[in-house]
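>>> coordinates for the following, if possible.
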Amino acid sequence: MKSRKIVTICLIFVAVFLYWVASQFLDNLFDWLNIAITRDLYLTIPEIVAVVVAVGGFFVLIKYKKAMDFFTEAVSELSKVTFPTKKESGQSAVVVVVLVAIATLLLAFYDLIWSTLTRWILN
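Presented below is the predicted three-dimensional model:
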């Protein structure tokens, strides 16, 4: 049941993000269409539509059983994840830096060869 609460909290954050995206989109659409945005009520028309979209999206996801099952399973799988220790993270970072350095040297070498061949062919 703990994972269900976590999923609900995450869906609330998704709904807030959806409100923000819909609000920004509708504000830009109203500006593009040269429609005046008046504050008739406490909220403007784009904000009201964005609230309806966000709340509707939240309730659709809550009521859609397959989506809730997927999110609940994802949370339960994520609870099984083990994070690396500080030592393992440091070792991984060193490996990444060394491999990036090697790749950089190889690409520089190939670039040198390619530019030399190109100059030789064009001259």
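>>> only C-alpha atoms from now on, for both contacts and neighbour counts.
Noted.
>>> quick check: Arg119 vs Ser76, distance?
Relative to Ser76, Arg119 is positioned 60 Å away (C-alpha to C-alpha, to the nearest Å).
>>> which of those two has more neighbours?
Neighbour count, other C-alpha atoms under 10 Å: between Arg119 and Ser76, Ser76 has more, with 14 against 10.
>>> surely that one and Ser3 touch.
Yes. In this structure Ser76 lies within contact range of Ser3 using C-alpha atoms under 8 Å: 6.5 Å.
>>> please report how far Leu43 lies from Ile37.
Leu43 is 10 Å from Ile37, where distance means C-alpha to C-alpha.
>>> residues near Ala54, how many?
Residues near Ala54, counting by other C-alpha under 10 Å: 23.
>>> dump the helix or strand harbouring it to CSV, keeping only the CA atoms.
Assigned by DSSP states H and E, Ala54 belongs to helix 45-63. Only the C-alpha atoms of helix 45-63 are listed here, as CSV (Å, rounded to 0.1, in the frame of the first residue of the first chain):
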residue,chain,number,x,y,z
ILE,A,45,-9.6,31.4,-19.2
PRO,A,46,-6.3,29.6,-20.1
GLU,A,47,-5.6,28.9,-16.4
ILE,A,48,-9.1,27.5,-16.0
VAL,A,49,-8.7,25.2,-19.0
ALA,A,50,-5.3,24.1,-17.7
VAL,A,51,-6.7,23.3,-14.3
VAL,A,52,-9.4,21.2,-16.0
VAL,A,53,-6.9,19.4,-18.1
ALA,A,54,-4.6,18.7,-15.1
VAL,A,55,-7.3,17.5,-12.8
GLY,A,56,-8.9,15.4,-15.6
GLY,A,57,-5.5,13.9,-16.5
PHE,A,58,-4.9,13.0,-12.8
PHE,A,59,-8.3,11.3,-12.4
VAL,A,60,-8.0,9.5,-15.7
LEU,A,61,-4.6,8.1,-14.6
ILE,A,62,-5.9,7.2,-11.2
LYS,A,63,-9.0,5.3,-12.6
